[in-house]
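In: Next come a sequence and a model predicted from it.
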Number of protein chains: 2
Amino acid sequence: MKIDKLVGERFKEKPSDCVIDSHALMLRGGYMKNVANGIFSQYMPLKRITKKIEDIIRQEMDAIDGQEVLFPVTLPATLWDESGRYESVGSELLRFTDRNNARMVLGMTHEEAAVQLVRDYANSYTKYPFMIYQIQTKFRDEGRPRGGLIRVREFTMKDAYSFHTSQEDLESYYQECYDAYNRIFARAGIPEVITVKSDSGMMGGSVSHEYMLLTPVGEDSIAVCADCDYRANMEAAQSIIENVADDKLEDLTKVYTPNIHTIEDICEFLNSPLEKSCKAVVYQKNMTDEFVVVFIRGDLDVNETKLTNLLGEAVHPGVITEDCGLHAGFIGPCGLSENITVLLDKSLEGATNLSCGANEEEYHYTGLNISRDVGEVEYHDLAKIVDGGICPQCGKPSIKISRGIEVGNIFQLGTKYTESMGMTYLDNEGVEKHPIMGCYGIGVGRLAASVCEAHHDDYGPIWPISIAPWQVHLCCLRADDENAKALADKLYADMQKDGIEVVYDDRNVRPGVMFSDADLLGCPVRVVVSPRNLNEGCCEVMTRTKSINEKVAIDDVIPQVKKIINDMFTDLNK
Amino acid sequence: MKIDKLVGERFKEKPSDCVIDSHALMLRGGYMKNVANGIFSQYMPLKRITKKIEDIIRQEMDAIDGQEVLFPVTLPATLWDESGRYESVGSELLRFTDRNNARMVLGMTHEEAAVQLVRDYANSYTKYPFMIYQIQTKFRDEGRPRGGLIRVREFTMKDAYSFHTSQEDLESYYQECYDAYNRIFARAGIPEVITVKSDSGMMGGSVSHEYMLLTPVGEDSIAVCADCDYRANMEAAQSIIENVADDKLEDLTKVYTPNIHTIEDICEFLNSPLEKSCKAVVYQKNMTDEFVVVFIRGDLDVNETKLTNLLGEAVHPGVITEDCGLHAGFIGPCGLSENITVLLDKSLEGATNLSCGANEEEYHYTGLNISRDVGEVEYHDLAKIVDGGICPQCGKPSIKISRGIEVGNIFQLGTKYTESMGMTYLDNEGVEKHPIMGCYGIGVGRLAASVCEAHHDDYGPIWPISIAPWQVHLCCLRADDENAKALADKLYADMQKDGIEVVYDDRNVRPGVMFSDADLLGCPVRVVVSPRNLNEGCCEVMTRTKSINEKVAIDDVIPQVKKIINDMFTDLNK
């Protein structure tokens, strides 16, 4: 490819709406262009990157016996009726009607389509196990698309679905896929990706993992233990609180607390620490507006994902009205209306002498001891894990909260879809059973952006050899010099003949322009031809990182470039 | 791939709703599954076929300096507002709104997206010419999807867009693309595809060609001259009628024609041939319901595409009401209400002594001579060309009407989109101009189905080596025989090691089942291992067409298979 005809704009200024580097660099380098909110077109350099990522994914999926298939982007709503997700998924599922007024959706994930494709075929245990996957466009009507390719509305995703006749078989395949994912990320140039236990969310199922690239600009929060290998998405991380009972139990005492509404104010008023208070957090169920009050230790926050999972339905922050039976700012676990769902977080278990609301305007209690004053209650894990918290695995107070980008995920789905969609097979004794599913996703564009996020400098991306748009960027300084131009033309032709992917800049532009464009395209190897080097009978060969930067005799340039490329691949496949 | 784990159903019965062979065979062979009306999922064999077709297309597009890009499937309606197509395209354009009520469309073609991608970049003549293309999912809300992959609603298409600073440059690139298309179809195994001149339809522009696979099951009608190389889609073919004037001009005479409404009835009543009548065909404009009456020689039909192009807007068959000023069955060109748009087809030019309606209930005229009775009128080419009609190129009455499937098309678009969307560049004198566009499409799935339509027998498709799901189908008859199984296993392993694509059937099934499955998968080369052959120290090697069917010594099997594969590729690339 000659750069003077490479379609796409490259520019210096960081676009004002970019909050993360990969977004800014991919706009500045002519990788993509915004078409609508969270919807991009890809120019050739990005298309080449995503295609290479797709090829890596395809190879690794094929290597674990995946069969590549293709599901439609547009799906009939009836399929999503079967699974129940037409109703249960929120407005991120784009619903529309076709010319005949048939209800349809844009696929945001394809569990339903996968079951539909195989449920007639896989009617006997002899057909199992198998895995099908596709690499296809998806649409998810995000409320807040952001970060360039990190969170978009339309995206290309590899999604895979495996079908099994036993949990053991699923688990063994899940492990194969787990390993394949690690190979994919390593080959794409970000071996530093870690796995974390995650919440299955709307996918259903039990065990699931996310693959996270740790970076301060990530939008996920991850609990990582500094003392063992525990890692979990904050949404899924178990919160462990060890309360030490006071020696003496106080009496439950009503206190007049005028004009005091927040947990901080009451603790200050009572001169007592936050962790000696019992905070009420009020929600309402989305479907019915029924109130749910969560009591939690005053220094902690509610993890709404855990709450949703426990309730089995979505909630929103409660809106307290005068006649709802709740007294905002004064809600406590003693004597609360029986019509209200009350949940207690485990952080209150064993806590003594707490302050709490008295369910009466302008009054609080002190000396709350739950088992004595409320009764024998059940505690649930509903709190967000905190920095410095106790590791659920090793028990040490070594939890650190990091930020990360989710670049992939794997789920043990169980029979959620096969049951709801009536998919069965006959086992070897002729008994009808529901197959057990796993599903496995990787966002292609997000992976590209994540690699850029992990590997760039102020001047542009530093693409790993495996996914770089081109392997070599060939610059001819002073293309008006006949000899320099002739040598560069020859190197361009010879490299192509040798199967080296090369982008060639023979424009009559200043070296500064040429090199800043090369930095933006981020090809891992650069070869510079110039009249000055030519006088010495050599070219400059360097890497984008400058870890190699050497003068190489003209005849040795191509062998040396090949060697560098091979070494780079070897490093990635280690 | 081992066939016992190949996902997909294969069955014998032709599905009742299949009217063409490729549709039936691709369902029966486990290539695809219906998801909704005109929407399919692809199983692995079809996905492998379409991927190979995409790779061929990609290579040929890259070879003519195409830059692969990617446009979104979902597009903001505002882009289509700019070109005017949001309004002008009918209900095949799927319109919807997102969660924020923003109007969007599903891309059915991407001229607007292409202009949007490059209009900021290509602001100087130095950036031209260039071509960008994508291979991406599209959606077209067809009223009557049919024929399996021939006419679907969701499909994968390669669409390319070239940009030029002169008509000459467009034409020269158009020719390059024309040739590339011929190479694509030849490499995909259907070199018999012909090009025909076509109507540009809603794409705009002037010169355009369609690539047609002639087959009786095609849904397009093509006029082919038996005496010269003229070929045109019936929608675009000029109709030439040479009328010979009668020696004596009759008088215009009103005739009482009770209860006679059709053109056939009146000609029979008057004992006069159809071509001596002037038929009225009534339309209404879609936007305004305004009436349009086309007069045409009684033996001919109106070509509605020509009519739409002439009017510049869409029409539908007219609904004649009592007060509309038209007398159904009695409409003629003399004395028709002046509020009605009247168009006369060229077939009436020079015709004499015609019969026609008298614009009065139960009356017709005879002896109509248009220039005398109606006045000096303009004639337009609005008739459908007919079998045996006059060739517009060589003038001989040698037109034959054939049926064909459109597998690709190329358009000289001109400045329709760059003007409407405000795309300009500065030429070498600093003058602002609109670039000139070409666009070039190939439907990937339709091409796969067309190859199947062209190459199959009663038992299944006969895939060309270039796009076959696998190159070799390896059958082990009597897999319970230890020696046969061992040899087949070894051949399977060795072929894979040698880079031969092989599907392996080692099921314990009857030879009939095995061979009918192999026929349905249509791999070009078949190798059969059996205890009987093994006793003779050989295997059977045959082609799907049975043009080769030989016993080959075991050690020679792989070399022979490789030779057959190479010969097949050589044949396609001739």
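Out: Here it is on my side, so go on.
In: Okay, now the unreliable bits of the stretch 451-574 of chain A?
Out: Scanning the stretch 451-574 of chain A for pLDDT under 70 picks out no residues.
In: At which residues are the helices of it located?
Out: For the stretch 451-574 of chain A, applying DSSP state H, counting those that start in this stretch gives helices covering A:482-497, A:511-521, A:531-535, A:557-573.
In: and if you look at the stretch 1-150 of chain A?
Out: Counting by DSSP H, counting those that start in this stretch, the helices of the stretch 1-150 of chain A are A:21-28, A:44-63, A:77-83, A:85-88, A:111-118.
In: what is the nearest residue to residue A:330 once chain neighbours are set aside paired to in the beta sheet?
Out: The spatially closest residue to residue A:330, leaving aside those adjacent along the chain, is residue A:357, at 4.0 Å (CB to CB, 6 or more residues apart in numbering or on different chains). The C-beta positions use only the backbone N, C-alpha and C, and glycine is treated the same way. Here residue A:357 sits in beta bridges with residue A:364, as judged by DSSP bridges.
In: Grab the longest strand from chain A for me.
Out: With DSSP state E applied, the strand covering the greatest number of residues in chain A is identified as strand A:399-414.
In: Which elements pack onto that strand?
Out: Counting contacts by 3 or more CB pairs under 8 Å, 6 or more residues apart in numbering or on different chains; DSSP states H and E, strand A:399-414 packs against helix A:167-187, strand A:208-214, strand A:220-225, strand A:436-443, helix A:444-454.
In: Mean confidence (pLDDT) on the second one, please.
Out: Just to be clear, that refers to strand A:208-214. Across strand A:208-214, pLDDT averages out at 94.
In: Now do the spatially closest residue to residue A:286 that is not a sequence neighbour against chain B, distance only.
Out: With CB to CB, 6+ apart as the criterion, residue A:286 has its nearest non-adjacent residue at 4.3 Å, and that residue is residue A:314. Taking CB to the nearest CB, to the nearest Å as the measure, residue A:314 falls 16 Å from chain B.
In: State the number of residues packed around the closest residue in space to residue A:96 that isn't next to it in sequence.
Out: Nearest non-adjacent residue to residue A:96, counting by CB to CB, 6+ apart: residue B:96, 3.7 Å away. Here the neighbour count serves as a burial measure; for residue B:96 (other CB atoms under 10 Å in any protein chain shown) it reads 18.
In: still on that earlier bit, ok, which of the helices and strands packed on strand A:399-414 comes nearest chain B?
Out: helix A:444-454 (9.4 Å; CB to the nearest CB).
In: where does chain A have low pLDDT?
Out: Short version for chain A, where the test is pLDDT under 70: A:199-205.
In: ok, so what distance separates residue A:71 from chain B?
Out: Spatial separation of residue A:71 from chain B under the definition CB to the nearest CB is 5 Å.
In: wait, what's in contact with the residue lying closest to that residue once chain neighbours are set aside?
Out: For residue A:71, ignoring the flanking residues on the chain, the nearest one in space by CB to CB, 6+ apart is residue A:113 at 4.1 Å. For residue A:113, the contacting residues are A:71, A:72, A:75, A:79, A:107, B:35, B:41, by CB atoms under 8 Å, 6 or more residues apart in numbering or on different chains.
In: Using a markdown table, lay out those together with distance to residue B:168 and neighbour count.
Out: What follows is these, written out as a markdown table (distance: CB to CB, whole Å; neighbours: other CB atoms under 10 Å in any protein chain shown):
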| residue | distance to residue B:168 | neighbour count |
| --- | --- | --- |
| A:71 | 45 | 24 |
| A:72 | 42 | 26 |
| A:75 | 47 | 23 |
| A:79 | 52 | 22 |
| A:107 | 45 | 26 |
| B:35 | 47 | 20 |
| B:41 | 46 | 23 |
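In: Is it correct that residue A:105 is in contact with residue A:96?
Out: Yes: proximity of residue A:105 to residue A:96 meets the contact threshold set by CB atoms under 8 Å, at 7.5 Å.
In: Show me what the helix or strand following the longest strand of chain A is in contact with.
Out: Past strand A:399-414, further along toward the C-terminus, the next helix or strand under DSSP states H and E is helix A:416-420. Contacts with helix A:416-420, where a contact means CB under 8 Å, 6+ apart, come from A:82-84, A:111-112, A:114-115, A:119, A:163, A:204-205, A:423-424, A:434-437.
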